[in-house]
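1. Prediction below, plus the sequence it came from.
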Amino acid sequence: MKSAYQKYKTTSIQSASREKLLLMMYEGAIKFTKLAIQAAEKNDIAERGMNIGRAYDIIMELNNTLDHKVGGEISKNLEQLYMYMTDRLTQGNLSGKTEPLKDVLKLLETLYDGWSKAIESIKKNQSDKVG
């Protein structure tokens, strides 16, 4: 049986805009990468691997949603960045070192910040046209 929180979470995901879903995916990847770093620092191999796997899955989903026909050069660059991040996650998982994971975290946070600002700017421009 689903808890009230799980029902709320499911509803919030199902009703989210495409932009909000994108940001939620980045938030998840950031969260799991941070948890993987903490687990690596504690030498908790199972926890590290589980969280790296979750971050990896989210990054692969971000990659799979790229539309190269619409995105052109930007989507190609994002694809290369996502592949780099998955490689670094794999290196972090195999080595147990935090440095590759911290590299991924920095990239994810930078991309999240950029998307947040872009979405905010688009919404502001749309509201300026309406108002």
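-> That came through, no problem. As the structure is a computational prediction, the values presented were derived from the model and not from experiment.
2. Where does the closest residue to Ile30 other than its chain neighbours fall, secondary structure wise?
-> If the residues on either side of it in the chain are set aside, Ile30 comes closest to Leu108, at 5.0 Å by CB to CB, 6 or more residues apart in numbering. C-beta coordinates here come from the backbone N, C-alpha and C atoms, glycine included. Taking DSSP states H and E as the criterion, Leu108 maps to helix 99-130.
3. show me where the protein has helices.
-> 4-14, 18-41, 45-64, 68-95, 99-130 (DSSP state H).
4. residues in contact with the residue nearest to Ile30?
-> Tyr26, Ala29, Ile30, Thr33, Met85 (CB atoms under 8 Å, 6 or more residues apart in numbering).
5. Grab the nearest non-local neighbour of the most centrally placed residue in the chain.
-> Of all residues in the chain, the one closest to the mean position by CA atoms, centre = their mean is Tyr26, 2.6 Å from it. In this structure, Tyr26 finds its nearest non-sequential neighbour in Tyr112, 4.1 Å apart by CB to CB, 6+ apart.
6. Tally up the residues packed near the one you found, please.
-> With neighbours defined by other CB atoms under 10 Å, the count for Tyr112 comes to 17.
7. quick one: contacts for the nearest residue to Leu81 once chain neighbours are set aside?
-> Nearest residue to Leu81, sequence neighbours excluded (CB to CB, 6+ apart): Leu107, at 6.6 Å. Counting by CB under 8 Å, 6+ apart, Leu107 touches Leu81, Tyr84, Met85.
8. ok, so of those, who is nearest Ser116?
-> Using CB to CB, Leu81 comes nearest to Ser116 of these, at 16.9 Å.
9. burial count for the closest one?
-> As a burial measure, Leu81 scores 17 neighbours (other CB under 10 Å).
10. ok, it to Leu89 distance?
-> 13 Å (CB to CB, to the nearest Å).
11. cool, Gly96 as well?
-> For Gly96, the distance to Leu89 - CB to CB - is 13 Å.
12. Good, wrapping up.
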